[in-house]
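Asker: Provided below are the primary sequence and the corresponding predicted coordinates.
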Amino acid sequence: MPWIQLRVNTTNEHAELVGDLLMDQGSVSITLEDGKDTPIFEPKLGETPLWNDTVVIALFEANTDLTPMVEMLQTLPFLGEAMKYKIEQIEDKDWVREWMDNFHPIQFGKRLWICPSWRDIPDPEAVNVILDPGLAFGTGTHPTTALCLEWLDSLNLAGKEVIDFGCGSGILAVAALKLGADKVTGIDIDYQAIEASKDNAERNGVADKLELFLPEDQPQDLKAEILVANILAGPLRELAPLIAERVQPGGKLALSGLLSEQAAELSEHYSQWFEMDEAAHKDDWSRLTGIRK
């Protein structure tokens, strides 16, 4: 069925209140959107910040009269009669199909492909990881994940042990195993990520070579020849001594999840333990690599 949509411009301070009011008036869904292209790259732990200029998008059944709702919002002192809003008709679509059509197989490096399960595999002779978008971060579409996948593809992983520090969906762990790693240990603070990594490893037939731990459960003597950590600059800096301890002498390190302007300082910090390479960049994001001293 078709829908009608009300878009209301407000601030981060009032966005949730506006959304709640529209839900009370019968909205079937509320979406909060950046009003002025102001990305939030690295929120503090436990925070879910909104943009200074936030657009509240409320979806209603097509026969809904939105006039009373607009008038109600205009009585709010922080919006008033000058409130900026827009009413749009939304065509009826197969939204599941629309969502699925946005995901295609993607190649990383020379050998590696990440393929949604509903798509044909472009090259059966390549290293193919079957991975569907889900709640846990990491489908290969984000530049930081792409940088890490390209790095893994460039290595000879045959017989190697790898640590995926902050494993998320398990995309890097599974890719490393499909690329020839003998064993991968995945660590994440989120139990949902542990479950997603386990499911994706089973789907790709490599679950027997993947061990998964919450941080408090990880083996104290854990070390590997290769470690990849795709998290954020703050945790990468805070956890640097632990990460360095997990890499064997002569072992290889890749760090991502950091903005380009954060790369130089973080590289200098890790140079205490690693011979650091020049940073690699993709869009506004960077990847650091190094060899354990």
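Answerer: On my side now, so go ahead. Note that the coordinates shown come from a computational prediction; the quantities given were computed from them, not determined experimentally.
Asker: where in this protein is pLDDT low?
Answerer: Within the chain, the stretches with pLDDT under 70 are 1, 35-51, 93-102, 133-140.
Asker: go again using 50 as the cut-off
Answerer: 38, 40-45, 47-50, 135-137 (pLDDT under 50).
Asker: hey, which strand is longest across it?
Answerer: Ranked by residue count under DSSP state E, the longest strand found in the chain is strand 247-259.
Asker: Packing partners of it?
Answerer: If contacts are counted by 3 or more C-beta pairs under 8 Å, 6 or more residues apart in numbering; DSSP states H and E, strand 247-259 sits against helix 143-154, strand 224-230, helix 233-238, helix 263-270, strand 285-292. C-beta coordinates here come from the backbone N, C-alpha and C atoms, glycine included.
Asker: Pick the most deeply packed of the ones you listed.
Answerer: For the helices and strands packed on strand 247-259, ranked by mean neighbour count under the definition mean count of other C-beta atoms under 10 Å, the leader is strand 224-230 at a mean of 24.
Asker: Tell me which other helices or strands it touches.
Answerer: helix 143-154, strand 161-165, helix 171-178, strand 247-259.
Asker: Mind listing the strands the second one pairs with, and their directions?
Answerer: Spelled out, that is strand 161-165. Here strand 161-165 has these sheet partners by DSSP bridges: strand 183-187 (parallel), strand 224-230 (parallel).
Asker: Throw the ones you listed into JSON lines and include distance to G26, thanks.
Answerer: Compiled in JSON lines, those are given as follows (distance: least, C-beta to C-beta, whole Å):
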{"stretch": "strand 183-187", "distance to G26": "44"}
{"stretch": "strand 224-230", "distance to G26": "41"}
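Asker: nearest to M83, of those strands?
Answerer: Closest to M83 of the strands paired with strand 161-165, according to C-beta to C-beta: strand 224-230, at 41.3 Å.
Asker: What about L177, how many residues nearby?
Answerer: Residues near L177, counting by other C-beta atoms under 10 Å, number 26.
Asker: P2 and A224, how far apart?
Answerer: Taking C-beta to C-beta, to the nearest Å as the measure, P2 falls 54 Å from A224.
Asker: cool, W113 as well?
Answerer: Separation of W113 from A224 (C-beta to C-beta): 25 Å.
Asker: Over to G170?
Answerer: Taking C-beta to C-beta, one finds G170 at 16 Å from A224.
Asker: Same check on T75?
Answerer: Distance from T75 to A224, by C-beta to C-beta: 61 Å.
Asker: ok so, going back, let's have the helices and strands packed on strand 247-259 in JSON lines, adding distance to Q248.
Answerer: Shown next, in JSON lines, are the helices and strands packed on strand 247-259 (distance: least, C-beta to C-beta, whole Å):
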{"stretch": "helix 143-154", "distance to Q248": "17"}
{"stretch": "strand 224-230", "distance to Q248": "6"}
{"stretch": "helix 233-238", "distance to Q248": "19"}
{"stretch": "helix 263-270", "distance to Q248": "16"}
{"stretch": "strand 285-292", "distance to Q248": "6"}
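Asker: Which of those sits closest to F165?
Answerer: Among these, the nearest to F165 by C-beta to C-beta is strand 224-230 (3.8 Å).
Asker: E81 falls within a strand, correct?
Answerer: No - read with DSSP: H, G, I helix; E, B strand; the rest coil, E81 is coil and lies in no strand.
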